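Asks: Here is the input, now give the coordinates:
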Amino acid sequence: MSSGERIALFIDGANLHATAKSLGFDIDYRRLLKEFESRGNLLRAYYYTALVEDQEYSSIRPLIDWLDYNGFRVVTKPAKEYIDSTGRRKMKGNMDIELAIDALELAPFINHAVIFSGDGDFRSLVEALQRKGLKVSVVSTINSQPPMVADELRRQADDFIDIVNLLPKIGRDTREVPERAPREKRPARTPDIIEPADV
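Replies: Here you go, the predicted model:
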């Protein structure tokens, strides 16, 4: 990345969380922002996630609030509840359309889009951005079992950045004392997790 580039980050929150979890580390979003600010002119950093509306306490809310106050554009929508084939309650929150629309609308003002997701559904978005003359980087990993990035997405991107290589620059120092309050107990009815979109 050259210093004259106009960069925008598009972070698929559920997918990035699943990727970091599969590799056993936490992301320090302040350091992530600084890393990409050092690579060029960072115009926008979007973070997309679905939220469970009726939940008394959600472990993601402190992160969302922090991101909102610290340079990220947070885009949320209510997660949808469904019952899976085994009868378990699950939540699904797919933010693909919101991410794609924002990326296409911002395309005339940037020359480098960085998509934090391994979801193969983004291949056609990457291709559309490339047709508009943008360089597109995809951040995910092939170092998990199974790999978190879809092969067709990795092949379409101009640049594939394995998040393992960013770890020294964006990983959270585990020796740091966490800034947030201790976790509250979850209500008994809380569904398992908001699932990232299929890779």
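Asks: which element follows the one helix or strand residue 47 maps to toward the C-terminus?
Replies: Per DSSP states H and E, residue 47 falls inside strand 41-51. Using DSSP H and E, the helix or strand that follows strand 41-51 towards the C-terminus is helix 61-69.
Asks: What distance do you get for the residue lying closest to residue 130 once chain neighbours are set aside to residue 109?
Replies: Spatial nearest neighbour of residue 130, chain neighbours left out: residue 136 (5.9 Å); criterion: Cβ to Cβ, 6 or more residues apart in numbering. Bear in mind the C-beta positions are built from the backbone N, C-alpha and C, glycine included. Using Cβ to Cβ, to the nearest Å, residue 136 is found at 15 Å from residue 109.
Asks: and the two? which has more neighbours close in?
Replies: Between residue 136 and residue 109, residue 136 has the larger neighbour count (other Cβ atoms under 10 Å), namely 23 against 10.
Asks: pretty sure the more buried one contacts residue 113?
Replies: Yes: at 5.0 Å, residue 136 counts as touching residue 113 under the criterion of Cβ atoms under 8 Å.
Asks: Is residue 140 in contact with residue 162, as I believe?
Replies: Yes: counting by Cβ under 8 Å, residue 140 does reach residue 162; the two are 7.4 Å apart.
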